[in-house]
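Participant: the sequence and its predicted three-dimensional model are supplied below.
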Amino acid sequence: MNSIYKSDNRVDTTPLVKVDQLKKHFVTSTNIWGKKEQVLKAVDGVSFHINRGETFGLVGESGSGKSTVGRCLLRLYDYTDGDVHFDGQNISRMSAKQLKPYRRRIQSIFQDPYSSLNPGMNVVELISEPMNIHRMYTGKERKEAIVSLLEKVGLQSAHLYRYPHEFSGGQRQRLSIARALSVNPEFIVCDEPISALDVSIQAQVINTLEDLQGELGLTYLFIAHDLSMVRHISDRIGVMYGGRLVEVATSDELYNNPLHPYTQALLSSMPVPDPRAVIEPISYSPALTDHAEPEPVLHEVSPGHYVSQY
Ligand SMILES: Nc1ncnc2c1ncn2[C@@H]1O[C@H](COP(=O)(O)OP(=O)(O)OP(=O)(O)O)[C@@H](O)[C@H]1O
């Protein structure tokens with residue numbers, strides 16, 4: 001179990017995750033001589049930290065770079081520039097061998113559990129797979145660990161030999177959570193984990209994630225395109241626009257006092273309870289010309305509330 005206490009009982013206040021000026025540019029076309037023709041700046045100078053036991057929400061419209069940030073933290077991508085520290089260690093340029101312990105400590109849950117779960121594996125096999133990779137648990141101990149994991153996420157031992165297609169969408173996402181937890185991680189990148197679920201199921205899965213966080217001391221990066229989804233679960237929220245963070249604040253501060261026009265636009269497009277109300281698409285364009293792009297620097301305008309130039 002993760003603990004924010006050091007062995008001498010002093011609280012460890014160093015952030016679990018620290019991201020410094022992260023950049024991930026994709027070369028989207030290459031000419032016949034192998035020269036770069038077009039570069040897509042999916043993430044372009046993003047900095048934030050996530051404290052131990054905290055949930056950091058990352059929001060923004062489709063294409064703003066949220067998933068790319070998540071994939072960089074998981075080291076599924078090499079970065080173009082910048083650094084990511086995990087528990088004080090710079091993991092940015094670690095070799096596959098050096099990364100191995102971090103691959104256990106940092107897990108992920110994705111939007112579509114059906115495509116991330118091998119349909120030919122039953123529950124025991126699906127949960128055993130990460131345990132095999134990290135050589136955890138054997139024989140009877142493993143079976144007990146799997147049953148206990150299923151109970152933790154709201155499934156039962158009767159499900160042990162079932163296959164993904166035999167579950168509902170919500171149950172499949174619970175299975176993905178059990179699989180992520182199987183190797184005792186400290187940090188989980190949750191990339192739109194409830195977006196594909198029925199609204200009635202979304203709150204239940206969120207509650208399970210929150211309960212597990214309290215029980216296991218987990219730290220989450222919670223990615224969503226919709227502010228209403230992250231509000232409840234997040235301690236702090238970062239708003240992304242065009243590969244950059246435009247505002248970071250505590251959840252309450254962001255909702256009560258949004259400063260960046262893009263955050264205000266996102267908030268005003270939040271679903272309203274009246275089903276007859278017309279929801280307008282977000283319209284926001286920086287009031288700047290091409291040659292004066294906003295600096296990827298966040299200014300602290302009040303304690304813990306950061307906003308970029310706009
Ligand atoms: N492997 C890739 N190669 C080229 N471009 C990519 C790649 N992955 C992402 N992109 C581009 O990078 C930009 C950011 O994508 P990303 O998926 O991070 O955004 P997002 O905010 O997570 O959006 P969504 O909610 O739709 O997933 C997009 O323009 C996307 O097309």
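Facilitator: Looks like it arrived, so ask away.
Participant: quick check: the residue nearest to residue 54 when sequence neighbours are not counted vs the ligand, distance?
Facilitator: With sequence-adjacent residues excluded and distances taken as C-beta to C-beta, 6 or more residues apart in numbering, residue 54 is closest to residue 235, at 4.8 Å. Where C-beta positions appear, they are placed from N, C-alpha and C, glycine not excepted. According to C-beta to the nearest ligand atom, to the nearest Å, residue 235 stands 21 Å off from the ligand.
Participant: what of residue 160?
Facilitator: Counting by C-beta to the nearest ligand atom - residue 160 and the ligand are separated by 33 Å.
Participant: which bits of this structure sit near the ligand?
Facilitator: Residues of the chain found near the ligand (C-beta under 6 Å from any ligand atom) are 26, 28, 40, 42, 60, 62-68, 225.
Participant: phi, psi of the residue nearest to residue 54?
Facilitator: Main-chain dihedrals, residue 235, degrees, to the nearest 10: phi -80, psi -50.
Participant: okay, now residue 140: neighbour count?
Facilitator: 8 (other C-beta atoms under 10 Å).
Participant: tally of neighbours for residue 100?
Facilitator: 12.
Participant: what lies in contact with whichever strand or helix holds it?
Facilitator: Taking DSSP states H and E as the criterion, residue 100 maps to helix 96-105. Outside helix 96-105, the residues that touch it by C-beta atoms under 8 Å, 6 or more residues apart in numbering are 75, 86-87, 89, 91, 94, 130, 133-134, 183-187.
Participant: hmm, 6 Å instead?
Facilitator: 75, 86, 91, 134, 183, 185, 186 (C-beta atoms under 6 Å, 6 or more residues apart in numbering).
Participant: pLDDT score assigned to the second one?
Facilitator: In this model, residue 86 is scored at 97, pLDDT.
Participant: all strands for the stretch 51-200 of the chain, in order.
Facilitator: Secondary structure of the stretch 51-200 of the chain by DSSP state E, counting those that start in this stretch: the strands cover 55-59, 81-86, 89-90, 106-109, 187-191.
Participant: adding mean neighbour count, write those strands out as TSV.
Facilitator: Below are the strands of the stretch 51-200 of the chain laid out as TSV (neighbours: other C-beta atoms under 10 Å):
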stretch	mean neighbour count
strand 55-59	25
strand 81-86	18
strand 89-90	12
strand 106-109	23
strand 187-191	25
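Participant: in stretch 62-71, what's buried?
Facilitator: For stretch 62-71, a neighbour-count test (16 or more other C-beta atoms under 10 Å) marks 64, 65, 66, 67, 68, 69, 70, 71 as buried.
Participant: next, give me the two most distant ones among these.
Facilitator: 64 and 71 (13.9 Å; C-beta to C-beta).
Participant: quick one: residue 307 is in a strand?
Facilitator: Yes - assessed by DSSP: H, G, I helix; E, B strand; the rest coil, residue 307 belongs to a strand.
Participant: can you name the residues bridging to it?
Facilitator: residue 247, residue 299 (DSSP bridges).
Participant: could you count how many residues lie near it?
Facilitator: By other C-beta under 10 Å, neighbour count at residue 307 equals 20.
Participant: same question for residue 105.
Facilitator: Neighbours of residue 105 (other C-beta under 10 Å): 17.
Participant: got it, and residue 145?
Facilitator: By other C-beta under 10 Å, the residues close to residue 145 number 18.
Participant: looking at it now. What's its pLDDT?
Facilitator: pLDDT recorded at residue 145 is 95.
Participant: shouldn't it be in contact with residue 139?
Facilitator: No - Residue 145 lies out of contact with residue 139 (C-beta atoms under 6 Å); the separation is 10.6 Å.
Participant: buried sites along stretch 227-235?
Facilitator: For stretch 227-235, by 16+ other C-beta under 10 Å, it's 227, 229, 230, 231, 233, 234, 235.
Participant: so how far is residue 247 from the fourth one?
Facilitator: Put plainly, it is residue 231. 14 Å (C-beta to C-beta, to the nearest Å).
Participant: ditto for the first one
Facilitator: Residue 227 sits 11 Å away from residue 247, taking C-beta to C-beta as the criterion.
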